[in-house]
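**Student:** below: sequence and its predicted model.
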Amino acid sequence: QVQLVESGGGLVQAGGSLRLSCAASGRTFSSYVMGWFRQPAGKKRNFIAAISRSGGLTYYADSVKGRFTISRDNAKNTVFLQMNKLNAEDTAIYYCGATPRAWDRLVFTTTVYDYWGQGTQVTVSS
């Protein structure tokens, strides 16, 4: 069982930056592939970034590639999402997820994540 708590969301002007954190409970954090997702109002939740158990592999959706960076600190049971050059289209509730699944194409989707945080709102003003 893993419990996830996101933080770091807020209101930012277009072109600005935010850093999201997701703190995980439990002693097996390093056993999970971690992902970040977002859900704009009235739309479905979409994958944006994933990181392997060791942190050596990362993958991004095209919409955030080059602007967002996912990282993790297994000693602190935390995964991060550094978001730069934000624009209005990045406005959404951001969620982190955890899956025990091995690194494969399915971890770039929402379907294989077993654990989710409660989400944190990011609003970008234009």
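**Tutor:** Yep, that arrived.
**Student:** measure the residue nearest to the spatial centre of the chain to Phe80 for me?
**Tutor:** The structure's the chain has its C-alpha centroid closest to Trp36; by Cα atoms, centre = their mean the separation is 1.9 Å. Distance of Trp36 to Phe80, computed by Cβ to Cβ, to the nearest Å: 9 Å. No exception for glycine: its C-beta is placed from N, CA and C like everyone else's.
**Student:** shared neighbours, these two?
**Tutor:** With contacts taken as Cβ atoms under 8 Å, 6 or more residues apart in numbering, Trp36 and Phe80 have Leu20, Cys22, Ile70 as neighbours in common.
**Student:** okay, these in JSON lines with distance to Lys44 and neighbour count next?
**Tutor:** Shown next, in JSON lines, are the shared contacts of Trp36 and Phe80 (distance: Cβ to Cβ, whole Å; neighbours: other Cβ atoms under 10 Å):
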{"residue": "Leu20", "distance to Lys44": "20", "neighbour count": "24"}
{"residue": "Cys22", "distance to Lys44": "20", "neighbour count": "25"}
{"residue": "Ile70", "distance to Lys44": "21", "neighbour count": "22"}
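**Student:** just checking, which of the residues you listed belong to strands?
**Tutor:** In this view, the shared contacts of Trp36 and Phe80 that belong to strands under DSSP state E are Leu20, Cys22, Ile70.
**Student:** any idea what the residue nearest to the last one when sequence neighbours are not counted is bridged to?
**Tutor:** Pointing back at Ile70 there. Residue nearest to Ile70 in three dimensions, not counting chain neighbours: Ala49, with 4.1 Å by Cβ to Cβ, 6 or more residues apart in numbering. Beta-bridge partners for Ala49, by DSSP bridges, are Trp36, Tyr60.
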